[in-house]
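Colleague: Predicted model and sequence follow; I will ask about them next.
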Amino acid sequence: MNRQRRKTETQKKAADRGQWASKTEYILVVAGNVVGLGNLWRFPYLCYKNGGGAFLVPYGLLAVVVGIPLFLLETSIGQYTQEGFVTCWKKLCPLAQGMGYACIIMKLYSLSYVIVQVWALLYLVFSFRSQLPWASCENTWNTANCTSLQILDSPTTNQTNQTMPTNTTSAATEFWERRVLAMSGGIEELGSVRWDLALCLLASWMFCYFSIWKSVKSSGKVAYLTATFPYVMLLILLIRSLTLPGAWDGIYYYLYLDVNRLAHLEVWIEAGAQIFFSYSLTAGTLNVLGSFNDYNNNCYKDCFWLCLLNSGTSFVAGFVVFSVLGFMAQKQGVTVDTVAESGPGLAFIAYPQATAMMPFPQFWTVCFFLMLIFLSVDTHFVGVECFITSACDVFPKVFHKPGRHEIFALIICLIFFLLHLMFVTEGGVYVFNLVEYYGSTRACRYFMALSECLALAWGFGADRVMNIIEDMTGQRPSVFFKLCWKYIIPLLSLSSFILYMVDYKRLSINDSYVYPDWAYALGWTMTLSIILVVPLWAAGQMCLTPGTLRECVNLLISFVPAFVRPLSSC
């Protein structure tokens with residue numbers, strides 16, 4: 001197809017769908033989406049747990065052979081087709097359109113992460129109190145077993161021999177479990193809605209709506225604040241944390257080189273999983289964001305800088321986290337591994353407890369939770385925007401009209417707000433963990449990566465993808481990318497998928513609460529709802545397409561044109 005003709009068609013479609021006002025907006029939105037909570041609360045802990053500096057070896061290697069190639073592949077097909085993650089497959093490989101619907105289902109589950117933003121908002125409100133409520137046991141929700149920070153940090157106590165008394169719970173843990181979550185006995189006991197969390201949930205969805213109500217015209221503007229502010233907070237916290245006593249002890253634990261860990265397969269699997277989640281791969285997000293680009297945008301160069309920014313942010317965040325944990329460990333007279341946490345345990349127990357020990361604790365707590373909120377805000381509204389855009393692209397005659405996007409976005413936000421009320425009940429944390437564990441598992445990501453590479457590199461044709469990128473950017477990608485798409489990524493994805501299924505472990509909370517059997521069945525239903533839709537859609541297409549089996553396959557995967565017909569004729 002003539003390049004000028006293709007560009008004219010792209011401009012016409014951009015007028016209907018919308019387009020980034022500038023390259024800066026695109027970079028900020030993508031950066032805000034891929035730099036998220038995983039960079040702050042998952043990567044540093046993985047480094048510490050899996051050999052410190054040695055973990056950077058598998059992480060860096062897999063970023064090069066998996067992360068960057070998939071990032072480029074997904075961004076480029078979005079930019080080329082100017083379609084969401086459902087309809088783009090009609091133009092590339094119709095047999096694989098089930099992957100688009102799988103992405104929609106995955107998005108439904110992954111939007112549950114809004115609850116992290118809700119918790120952070122509530123903590124932010126409490127951070128303005130003269131006495132931080134997680135620093136003492138003088139509150140109505142505390143039990144007789146509560147141990148306050150004042151006891152732990154008493155000047156009369158010999159800190160070198162100080163340990164937490166047995167059968168006690170820290171004030172920070174009790175605030176988290178008894179005041180914020182008000183945890184019930186299990187998922188069977190949902191209990192009542194927590195009104196303060198419900199208000200925070202409403203605020204989160206209202207902010208989301210007004211960020212996306214004009215599609216990329218509004219989300220691009222919002223990203224100027226939401227994508228840059230976390231870096232300001234991260235820099236402030238980095239400077240402060242490095243000056244804390246005990247900070248370098250924590251950094252030693254973070255970067256301690258244990259080369260022997262490289263011999264463990266789980267370290268490589270953890271590194272690969274982190275790449276998939278932190279780069280937002282196989283979720284359809286990069287595809288949609290790239291679809292709002294100009295046809296001649298240099299997505300080839302963009303992918304390198306955005307991936308470098310993501311990984312660099314993760315590495316720097318580790319210094320912030322572990323220097324604070326080192327300070328906390330010194331204050332309590334314990335080793336860093338005693339206080340090392342990841343996930344919500346780091347963000348809502350360990351870090352607030354550490355900031356409460358600092359001078360001017362309210363200021364540092366506010367900085368931390370503002371950073372946490374803005375990190376989650378980007379991921380949230382970008383996820384919703386991608387969901388809405390892809391749904392609108394399925395019915396362009398209905399939704400690509402003035403005013404329709406705003407109404408549809410309002411309906412979607414309202415529906416999700418009502419659905420997510422279950423997460424702010426007394427048993428909501430059990431529901432959230434179940435959805436988070438099974439609704440977007442590594443198995444789903446590995447399967448989607450395998451399917452994506454088979455469809456594009458083998459079905460549509462890796463050479464055609466290379467030609468498309470060259471046509472858009474004026475720069476032909478290295479043959480290394482072709483090797484990754486055709487061989488390395490499918491092999492690694494298939495191996496990781498099999499290993500995950502063989503080594504599957506049931507979800508539990510705090511190694512104590514075990515879900516009932518029906519909950520595990522529900523969890524696997526969520527996982528299979530993502531995986532099975534791909535082959536089931538393909539099977540349905542094969543049955544509905546007339547002709548012999550070979551003719552159906554050639555028609556639905558564009559296999560023959562991939563190596564017989566030149567790109568210019570497609």
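Modeller: On my side now, so go ahead. In this text, all values refer to a predicted model and were calculated from it rather than measured experimentally.
Colleague: Strands of this protein, residue ranges please.
Modeller: Under the criterion DSSP state E, strands of the chain are mapped to 146-147, 169-170, 508-509, 513-514.
Colleague: Tell me the neighbouring strands of the first one, and mark each as parallel or antiparallel.
Modeller: This means strand 146-147. Here strand 146-147 is paired, per DSSP bridges, with strand 169-170 (parallel).
Colleague: what about the nearest residue to residue 287 once chain neighbours are set aside, neighbour count?
Modeller: In this structure, residue 287 finds its nearest non-sequential neighbour in residue 78, 3.8 Å apart by CB to CB, 6 or more residues apart in numbering. Any C-beta I mention is one placed from the backbone N, CA and C, and that applies to glycine too. A count of neighbours around residue 78, defined by other CB atoms under 10 Å, yields 25.
Colleague: pretty sure residue 78 is touching residue 291, no?
Modeller: Yes - the pair residue 78 and residue 291 passes the contact test of CB atoms under 8 Å, sitting 4.0 Å apart.
Colleague: Quick check: neighbours shared by the two?
Modeller: residue 88 (CB atoms under 8 Å, 6 or more residues apart in numbering).
Colleague: which outside residues touch stretch 407-419?
Modeller: For stretch 407-419, using CB under 8 Å, 6+ apart, the contacting residues are 111, 114, 201-202, 205-206, 208-209, 212-213, 384, 387-388, 391-392, 399.
Colleague: For residue 443, state which of those is nearest.
Modeller: residue 111 (19.6 Å; CB to CB).
Colleague: what's near enough to touch the closest one?
Modeller: By CB under 8 Å, 6+ apart, the residues touching residue 111 are 380, 383, 384, 387, 416, 420.
Colleague: Residue 318 is in contact with residue 234, correct?
Modeller: No - applying CB under 8 Å, one finds residue 234 not in contact with residue 318, separated by 11.3 Å.
Colleague: gap between the closest residue to residue 436 other than its chain neighbours and residue 376?
Modeller: If the residues on either side of it in the chain are set aside, residue 436 comes closest to residue 112, at 6.3 Å by CB to CB, 6+ apart. Note on residue 112: its distance to residue 376, by CB to CB, to the nearest Å, is 12 Å.
Colleague: okay, now the closest residue to residue 139 other than its chain neighbours: neighbour count?
Modeller: Nearest residue to residue 139, sequence neighbours excluded (CB to CB, 6+ apart): residue 133, at 5.7 Å. When counting by other CB under 10 Å, one arrives at 21 neighbours for residue 133.
Colleague: got it, and the one 4 residues further on?
Modeller: Residue neighbour count, defined by other CB under 10 Å, stands at 22 for residue 137.
Colleague: Tell me the pLDDT of the residue nearest to residue 436.
Modeller: Reported pLDDT at residue 112 in the predicted model: 92.
Colleague: Equivalent analysis for the one 3 residues further on, please.
Modeller: Listed pLDDT for residue 115 reads 94.
Colleague: Equivalent analysis for the one 10 residues further on, please.
Modeller: Each residue has a pLDDT score; the one for residue 125 is 95.
Colleague: tell me the contacts of residue 57?
Modeller: Applying CB under 8 Å, 6+ apart to residue 57 gives the contacts residue 262.
Colleague: And the residue lying closest to residue 445 once chain neighbours are set aside, how close does it get to residue 74?
Modeller: What sits nearest to residue 445 in space, not counting adjacent residues and going by CB to CB, 6+ apart, is residue 276, at 4.5 Å. Remark: distance between residue 276 and residue 74 (CB to CB) = 12 Å.
Colleague: Between these two, which contacts overlap?
Modeller: Taking CB under 8 Å, 6+ apart as the contact definition, residue 276 and residue 74 share the neighbouring residues residue 282.
Colleague: And the two? Which one has more around it.
Modeller: residue 74 (28 against 25).
Colleague: I'd say that one and residue 286 touch.
Modeller: Yes - in terms of CB under 8 Å, residue 74 counts as a neighbour of residue 286; the distance is 4.1 Å.
Colleague: Let me know how buried residue 105 is, in neighbour terms.
Modeller: Residue 105, neighbours per other CB under 10 Å, totals 17.
Colleague: In contact with the closest residue to residue 225 other than its chain neighbours, which residues are there?
Modeller: Residue nearest to residue 225 in three dimensions, not counting chain neighbours: residue 374, with 7.8 Å by CB to CB, 6+ apart. Counting by CB under 8 Å, 6+ apart, residue 374 touches 225, 226, 229, 230, 233.
Colleague: Can you tell me which of those residues are buried?
Modeller: Buried members of the contacts of residue 374, scored by 16 or more other CB atoms under 10 Å, are 226, 229, 230, 233.
Colleague: In helices only, show me the contacts of stretch 407-419.
Modeller: 114, 201-202, 205-206, 208-209, 212, 384, 387-388, 391-392, 399 (DSSP state H).
Colleague: Where does pLDDT dip in the protein?
Modeller: Residues of the chain that meet the criterion pLDDT under 70 lie in 1-16, 149-166, 555, 558-570.
Colleague: let's see it at 50
Modeller: Scanning the chain for pLDDT under 50 picks out the ranges 1, 150-163, 559-570.
Colleague: ok, back up a step: neighbour count winner among residue 112 and residue 376?
Modeller: Neighbours around residue 112 and residue 376, counted as other CB under 10 Å, are more numerous at residue 376. The numbers are 25 against 22.
Colleague: Do I have it right that the more buried one meets residue 114?
Modeller: Yes - using CB under 8 Å, residue 376 makes contact with residue 114 at a distance of 7.5 Å.
Colleague: ok so, going back, just the closest of the buried ones among the contacts of residue 374 to residue 479, please.
Modeller: Proximity of these to residue 479, judged by CB to CB, is greatest for residue 230, which lies at 36.9 Å.
Colleague: ok, the closest one to residue 123 distance?
Modeller: Using CB to CB, one gets 16 Å for the distance from residue 230 to residue 123.
Colleague: Equivalent analysis for residue 368, please.
Modeller: When CB to CB is applied, the distance between residue 368 and residue 123 equals 9 Å.
Colleague: Give me the common contacts of those two.
Modeller: In terms of CB under 8 Å, 6+ apart, residue 368 and residue 123 are both contacted by the residues residue 352.
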